[in-house]
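Asks: Predicted model, plus sequence, below.
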Amino acid sequence: MRTAGVVLLLAVALLPPPAEAAVHPSPPTLDPTRPAQKRILVLCVDGVSYSLVEEMHRRGELPHFYPPAKLVVTFPSLTDPSLVEILVPLGAPPSEGYEDYYFDTDQNRTRGGFFHRFSRARYIEGTFRELFHYHPHPVVMTLEYGLPVVGSWLAGHINLGRILHEFQGSPASLYLAYLDSTDSLAHLSGVRFQRGLLKRIGRSVARLRRRAPGPVEVFLFSDHGNGVQKYRRAPIVPALRRAGFRLKKTLAGPRDVVLIRYGLLGSALLYTQPGVEAELAEALRSVEGVGVVAYRDAAATMVLNASGRARLQRRPNDHYCYHRESGDPLALEPALVELDSQGRLSLDGCAADRDWWRATRQHLYPDALRRLWFAFEKHVVHPASVIISFQDGYYEGSRVLDALAALRATHGNLGSAQSLAFAMSTEGPLPPILRGEEVWSWLEPQVGPPPAPRLWQRILLPLAAVSLPAAVAE
């Protein structure tokens, strides 16, 4: 089965990328009658942490780039909401869920998952993925986990070569590409193979710029970090059962809970009947490995853990309020003292968004108030009822993936290791730290539509998919 999997991985990897016309009607092209125009390659490398890239740059391993900026992404620190936030200026629509496998609150059922990826009409069209000129084949992205490390390494190098080749042949003045293998390499092997792929990117960038007929800028960024350490599963399922909740695929009764188990992640997404959120959160707040539990309560977001409880509110003038009912679940006491000493904190614990940003962007939970609020209010069509951010070293997710490989790194929680992505450019330095929504202000891009898929690709992909074994989404 492994041999057949390798052959299928190679076959599908060589297919054209499943991208089609994006929402931008007028692609910028190069005019051969004019002097060489500047071109920009924007490359998203999934799941690469700021700490790794900063270390590599400091050691001289990425010499053609300026120093990386920290990039604070969404909570949960997952690909779909993070890339939606980053790509909103390009017209990215909200994601249906936080991951490919999600709970549809309108239809009361889970949707997406493994076989969802076989249909580009469902997986690519109408999503943020359509904005990429190059997007890896979704079947290959899945098979990388069936062939631990080898599959990710092979697909990563194949896809990187194709990105560089297709960029050189593209008429787009700004070319947007996505490379997923860096994330699966982190999950399955830590940073060793990630580092090797990033070194190749650095060498390729130098060669690309040296041989290009005109000026080329390369803008490199990631969608979230990855915390590299030993992990163990947080025992939230036994805690739910002890509290009388039942894990289900749909919500029929008041004790039913849908737990999305896709991937092995530092956060957990739970759905329940309206009005049950507070009880569900209480049952989880003191479980081993739980860092923070959050849920919506009327016009507020409640945040709690074993040490305290707080109410988070957002006012129309873009002020956030942090009202501690007991303890300090987000450990924001130093930030509150700082804001108060500067005269930027009102008597009821409210401060402007930019003031909170300056006071908390280097925090254990960077930019926590805004990210927690947007976790329920923005970027996702079907927000969860309750979201758990696990402590570093704990995770929840698919039992099938547990059987395939040992988890070496993951992402999803509110903490800095998993939340801090990076951005860097060959053109000039960026600010030391940015929010995801600020990335494109440094490029002011005009992205043209990716090319339409070839007819034989539409035919071959379904045929290849038939031979795959059933797996993965629980």
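Replies: Everything's here; your move.

Asks: quick one, domains of the chain?
Replies: The record's domain parsing of the chain by automatic domain parsing lists 2-23+39-229+414-466, 232-410.

Asks: Least reliable of these by average pLDDT, please.
Replies: Mean pLDDT per stretch puts domain 2-23+39-229+414-466 lowest among those, at a mean of 83.

Asks: related to what we said a few turns ago, using a markdown table, lay out the domains of the chain together with mean neighbour count.
Replies: For every residue, glycine as well, the C-beta is placed using N, CA and C. What follows is the domains of the chain, written out as a markdown table (neighbours: other C-beta atoms under 10 Å):
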| stretch | mean neighbour count |
| --- | --- |
| domain 2-23+39-229+414-466 | 20 |
| domain 232-410 | 19 |
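
Asks: Without its sequence neighbours, what residue ends up closest to the spatially most central residue of the chain?
Replies: By C-alpha atoms, centre = their mean, the chain has its centre lying nearest to T79, at 1.9 Å. Leaving aside its chain neighbours, T79 sits nearest to D223 (5.1 Å; criterion: C-beta to C-beta, 6 or more residues apart in numbering).

Asks: Tell me how far that neighbour lies from L41.
Replies: Computed as C-beta to C-beta, to the nearest Å, the D223 to L41 distance reads 17 Å.

Asks: got it, and N108?
Replies: 43 Å.

Asks: for T250, same thing?
Replies: From T250 to L41 the distance is 45 Å (C-beta to C-beta).

Asks: repeat for S204
Replies: 10 Å.

Asks: does the residue nearest to the centre of the chain really touch N226, like I thought?
Replies: No. Contact between T79 and N226 fails when scored by C-beta atoms under 8 Å: they sit 11.5 Å apart.

Asks: Now do the shared contacts for the two.
Replies: 47, 183 (C-beta atoms under 8 Å, 6 or more residues apart in numbering).

Asks: Now Y134: closest residue in space that isn't a chain neighbour?
Replies: A177 (4.0 Å).

Asks: who's in contact with that neighbour?
Replies: 41-44, 132-135, 163, 166-167.

Asks: So it, which state does it fall into?
Replies: strand (DSSP: H, G, I helix; E, B strand; the rest coil).

Asks: List the beta-bridge partners for it.
Replies: Counting by DSSP bridges, A177 is bridged to L43, Y134.

Asks: Please report how far it lies from N159.
Replies: In terms of C-beta to C-beta, A177 sits 9 Å off from N159.

Asks: what sits in contact with each of the two?
Replies: With C-beta under 8 Å, 6+ apart, A177 and N159 have common neighbours Y134.

Asks: Contacts for the helix or strand where R241 lies, please.
Replies: Per DSSP states H and E, R241 falls inside helix 236-242. Applying C-beta under 8 Å, 6+ apart, the contact partners of helix 236-242 are 247, 257, 259, 268, 280, 283-284, 287, 289-290, 388, 396.

Asks: 10 Å instead, please
Replies: 245-247, 255, 257, 259, 261, 268, 270, 280, 283-290, 293, 388, 390, 394, 396 (C-beta atoms under 10 Å, 6 or more residues apart in numbering).

Asks: Can you flag which of those residues belong to helices?
Replies: Those of the contacts of helix 236-242 mapping onto helices are 280, 283-284, per DSSP state H.

Asks: For R315, see how far away P238 is.
Replies: P238 sits 40 Å away from R315, going by C-beta to C-beta.

Asks: same question but for L62, I mixed them up
Replies: 42 Å.

Asks: Tell me which residues touch N413, please.
Replies: Per C-beta under 10 Å, 6+ apart, neighbours of N413: 75-77, 227, 265-268, 291-292, 365, 387-392, 394-395, 419.

Asks: Next, check those against the strands and list the overlap.
Replies: Secondary structure assignment by DSSP state E places 227, 265, 267-268, 291-292, 387-390, 394-395 of the contacts of N413 in strands.

Asks: Taking those residues together, which two end up most distant?
Replies: G227 and I387 (17.4 Å; C-beta to C-beta).

Asks: list the contacts for D46?
Replies: 79, 82-83, 136, 141, 178-186, 222-224, 226, 411, 421.

Asks: Apply 7 Å and report the result again.
Replies: By C-beta atoms under 7 Å, 6 or more residues apart in numbering, the contact set of D46 is 79, 179-180, 182-183, 222-223.
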